[in-house]
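Enquirer: The following block contains a protein sequence and its predicted model.
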Amino acid sequence: MGAIYIEVKNSILEKINNGFYKAGERIPSERVLSEEYHVSRMTARQAVSSLVIEGAVIREQGKGTFVASKQFSQKNVKSFTQTLKEQGYDPSTIILEFSKVHSLKEISAIMELPYNAQFYKLKRLRLGNGVPIALETVYLPVEKFIGLKQEGIGQSLYDTLESVYGYVVSRVSNDIDACISNRMMMKLFEVQKPVALLKIIGVSYTVDEEMLFYEESYYRSDLYKYQVDIYKRK
């Protein structure tokens, strides 16, 4: 029976990968699957359970089993744009706000700047294949990025800072937390009910440990995975 359930699982997985079953779509019930593949319901249940464990599908009590959304994964210091392109997706950006702000005491202290330092506030909605994935708010010191224009930050901020100002992001120090979307975020993420989010707050540095900008971002946890490697101290 073991080999049979694996064959059924692989067949369903192939249908998911080739788009026959799309993300968010309900797959057939165990009864229907057992009839379709001419196997027992126990075998069909084992195949579906294996897909649940692998993260390919999600069971919802009383509703059925649904194809899980594809997760975008980031591990190294890369821009959101580069990360999605490397995984074969089309990144896009909606700029929600670009303005000058000041007297942000907490951020100024973190960035080791005067309490009344001016910042460019850049708030962007980041999308992959047209699906909203992340809400980013970045604070860039005006004194460091004089003349920054909205037209130059529609896609990769990393690329703009390197090509225009000569700064290369070498390290990012992040605090990662979990939270639930509020009503404003639900509207931006185009969801009907609250979703779990990854809240990432961090500072980006150059290779010389010069602080470049402060960022507060929220990522849909069902669409985005942030990988961290932890090494044993020698």
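Expert: Perfect, thanks for sending it. All figures in this text were calculated on a predicted structure; none of them were measured in a lab. Residues are numbered from 1 along each chain as shown.
Enquirer: any idea how the protein splits into domains?
Expert: Annotated domains of the chain cover 2-67, 72-226 [automatic domain parsing].
Enquirer: average model confidence for the shortest one?
Expert: What that stands for is domain 2-67. Average pLDDT, domain 2-67: 86.
Enquirer: Which residues does stretch 94-113 contact?
Expert: Under the contact criterion C-beta atoms under 8 Å, 6 or more residues apart in numbering, stretch 94-113 has outside partners 114-125, 127, 139, 141-143, 150, 153-154, 188, 203, 211, 214. No exception for glycine: its C-beta is placed from N, CA and C like everyone else's.
Enquirer: Let me have the domains of the chain in TSV, extended by mean neighbour count.
Expert: Output for the domains of the chain, formatted as TSV (neighbours: other C-beta atoms under 10 Å):
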stretch	mean neighbour count
domain 2-67	15
domain 72-226	16
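Enquirer: which stretches of the protein have low pLDDT?
Expert: For the chain, the stretches flagged by pLDDT under 70 are 1-2, 70-84, 87-88, 225-234.
Enquirer: Kindly provide the distance from Y37 to Q46.
Expert: For Y37, the distance to Q46 (C-beta to C-beta, to the nearest Å) stands at 12 Å.
Enquirer: next one: E216
Expert: Applying C-beta to C-beta to E216 and Q46 gives a distance of 44 Å.
Enquirer: Need the phi and psi values for I53.
Expert: As for I53, its main-chain torsions (degrees, to the nearest 10) stand at phi -60, psi -40.
Enquirer: How about the contacts made by it?
Expert: Going by C-beta under 8 Å, 6+ apart, the list of residues near I53 is empty.
Enquirer: Name the nearest residue to K199, ignoring sequence neighbours.
Expert: D177 (4.4 Å; C-beta to C-beta, 6 or more residues apart in numbering).
Enquirer: sec struct for the one you found, please.
Expert: D177 falls in the strand class when you classify it by DSSP: H, G, I helix; E, B strand; the rest coil.
Enquirer: List the contacts of it.
Expert: Each residue near D177 by C-beta under 8 Å, 6+ apart is listed here: L198, K199, I200, I201.
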